[in-house]
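Visitor: all I have is the shape, not the residue letters:
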DNA sequence: CCTCCCTTCGCAATCGATTGCGATGAGGCT
DNA sequence: AGCCTCATCGCAATCGATTGCGAAGGGAGG
């Protein structure tokens, strides 16, 4: 007799006494399998139980406070009802917002999520993904897909259900914002204001977000007959110091750009700092456009013009798409429409001359 | 014969074929129980296996890529090796940083974490906690403890292992920063600069963080013989609009305060906005002190003086404390020391006169 | 009145890992 | 040489939920 008494792993919490199917079965005078069926969420299964038996069991379960043991269910079914989520970092409010959407939609569908930070580091991505898989998550939502890594391809080869979010990758199911359009919106906004000499803080090349926002922006100017020279497009990390350093370089160019588009609000804040440090005024001497429209953008001393994407909704859609996949339904990629929010960082001074 | 073939829940991912103890046992020519013992992390258990048998099994497991099935282990042991974490919101960089620390320390100890947002809403706190418990987490880290709610007491009554983080509650094990000291540091800093008429944006009363920071600040001024009148202490949400609204009120007082302490950086940013809106200059006309020293504080147009607490470390300690509890070791509360980082928002203009 | 069918349940195996106890064997001791 | 001890390992039960199959029961139709 392996067990001597109560629960083995009860450990510290002596008080908990989880209700099991067997207890309900005993009280209801039926077999445990009947209870399982009555409590099933699957209609086909539940229909095998007489209505009055089912309601009896249902109310009994309610009274006793029954909660299905996920370990038992997972062991038998092979599905954990847990989703793994990989993000570059949760301290980035953009990804944190996406994650909140993911978690909300997952919870609504009876799934839990487990997140992990990868710092955009390929080694960490692999390690974290393995850890999640070891936890037997049913699928993955990847918010940190890199175009220069083959991790996603490997996971796909193992037939692991996955959905990309925020960043795209050719041939993979993803839920993203239309970054190409977003970049174009930023470009057209500056064109409307009369800017002709502009520059781009383009983010990291391995992220489709930065790459496509940049491309959309460049497209707009190219189509307007004002192609942006390559020297005016610089890569940079997606943060304040990164944007600041990039802008310091761009502001040293002669003639100086009259506007700078940063593919990320934090980089844009760094750009604004560099503009001030150069003794210039944001919005009058140099227009600045950011991307993501984080809450802070509107609260800055010079409110930041930014492109807004439905990040929370993106997370929700990513989760539901993955869950549909798990249920065998076909899944398709989605691209959500961004909008531009114009503020003082581009409007303060009105259009600048071509030789300001 | 309930099963017809391969794995039942394989679902979409047809490729995965998890290695089990039984497979290793077969290849090693030993019983599955021996494999289990050889692979155990518990030394007492592993010592029951001969060294060479153990190494054989260990290398075999490595080659086959064995990963313990958490469901099987959890079912038998009653422990899921999962920790539940409750935070007000993950989009708050402060809590996100704490959570990163929690997750890192948990992962290092072989635990996974599951987070949930509660929006500081008592109803949601209960629901999320229940959901986590239904998932059979081994313990909880609560980052959203409210002094006006009895949820924590209820959980404790059920003997659920838990540790508070960030916010304290009397009689509970917690890992926090010394907010009383932090508030005092802010107060002493302003006293050193000669301020005599100050005000406080005190945050929400149910959070020990805001309450204690405020108290420490008031203590410093009271001990200096310059008690702050109640009318100069206003509560507010921990965000930009909240700080802005509170500051608009405070700036309308006559004589106007020469300095404002906000118990949270985002509220402080709102304060700075209100100061600007009033046509005043932050750091010269009105000094502003924030709290938490978020990365953005240093990047603001007028860099923000702020009290810095080791948030990541706080998360790490909270997780290890909880895990120690789970292992039956005694746990004690910890209070980490904050430090003040002085910047232009208090230094720009030097001390102001008493009738500025 | 008998037979057939359908609804409703029970039976029992099963998922993978853990663990108390007992069996086996080797070695040392008297 | 016989017995005892200890190290090592196997046996089998067990955690809780799920599910294919079969049985029992009731009702309807011939």
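Guide: That came through, no problem. All values derive from a computational prediction rather than experimental measurement.

Visitor: please count neighbours and contacts with C-alpha atoms only from this point.
Guide: Noted.

Visitor: now do the contacts for residue A:259.
Guide: A:190, A:195, A:197-199, A:286-289 (CA atoms under 8 Å, 6 or more residues apart in numbering or on different chains).

Visitor: wait, is residue A:335 part of a strand?
Guide: Yes. Assigned with DSSP: H, G, I helix; E, B strand; the rest coil, residue A:335 falls within a strand.

Visitor: list buried residues within the contacts of residue A:259.
Guide: If you count burial by 16 or more other CA atoms under 10 Å in any protein chain shown, the buried members of these come out as A:190, A:195, A:197-199, A:286-289.

Visitor: out of those, which are inside strands?
Guide: Cross-referencing the buried ones among the contacts of residue A:259 with the strands (criterion: DSSP state E) gives A:198-199, A:287-289 as the overlap.

Visitor: same list, those residues, but as TSV with pLDDT please.
Guide: Written out in TSV, the entries for those read as follows (pLDDT from 0 to 100):
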residue	pLDDT
A:198	97
A:199	98
A:287	97
A:288	98
A:289	98
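
Visitor: domains in chain A, as residue ranges please.
Guide: Following automatic domain parsing, one finds the domains of chain A at A:21-68, A:79-176+A:311-337, A:179-309+A:340-347.

Visitor: what parts of the stretch 201-350 of chain A come near chain B?
Guide: Within the stretch 201-350 of chain A, the positions lying close to chain B (CA under 8 Å from any CA of the partner chain) are A:240, A:269-270, A:273, A:276, A:296, A:299-301, A:325-328.

Visitor: of the residues you listed, which is the nearest to DNA strand C?
Guide: Using CA to the nearest atom of the strand, residue A:326 is the member of those that lies nearest DNA strand C, at 18.9 Å.

Visitor: quick one: the closest one and residue A:163 touch, right?
Guide: No. Counting by CA atoms under 8 Å, residue A:326 does not reach residue A:163; the two are 11.0 Å apart.

Visitor: among these two, which residue is more densely surrounded?
Guide: With neighbours defined as other CA atoms under 10 Å in any protein chain shown, residue A:326 and residue A:163 compare such that residue A:163 has more, 28 against 22.

Visitor: what does the helix or strand encompassing the more buried one rub up against?
Guide: With the criterion set as DSSP states H and E, the secondary-structure element containing residue A:163 is strand A:162-165. Contacts of strand A:162-165 from elsewhere in the structure, counted by CA under 8 Å, 6+ apart, are A:139-145, A:156, A:172-176, A:314-315, A:318, A:321-322.

Visitor: any chance you could map the helices in the stretch 201-350 of chain A?
Guide: A:208-223, A:240-251, A:265-277, A:311-326, A:344-347 (DSSP state H, counting those that start in this stretch).

Visitor: reformat those as TSV; add mean pLDDT.
Guide: Converted to TSV, those look like this (pLDDT from 0 to 100):
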stretch	mean pLDDT
helix A:208-223	98
helix A:240-251	96
helix A:265-277	95
helix A:311-326	97
helix A:344-347	94
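
Visitor: quick one: closest of these to DNA strand C.
Guide: Proximity of the helices of the stretch 201-350 of chain A to DNA strand C was assessed by CA to the nearest atom of the strand; the nearest stretch is helix A:311-326, lying at 18.9 Å.

Visitor: list the contacts of the residue of the stretch 101-250 of chain A at minimum distance from DNA strand D.
Guide: Of all residues in the stretch 101-250 of chain A, residue A:110 sits closest to DNA strand D, with a separation of 12.1 Å (CA to the nearest atom of the strand). Residue A:110 sits next to residue A:81 when contact means CA under 8 Å, 6+ apart.

Visitor: how much space is there between residue A:193 and residue A:259?
Guide: To residue A:259, residue A:193 is 10 Å away according to CA to CA, to the nearest Å.

Visitor: and the furthest pair within the residues of the stretch 201-350 of chain A next to chain B?
Guide: Within those, two members stand farthest from each other by CA to CA: A:276 and A:328, at 54.6 Å.
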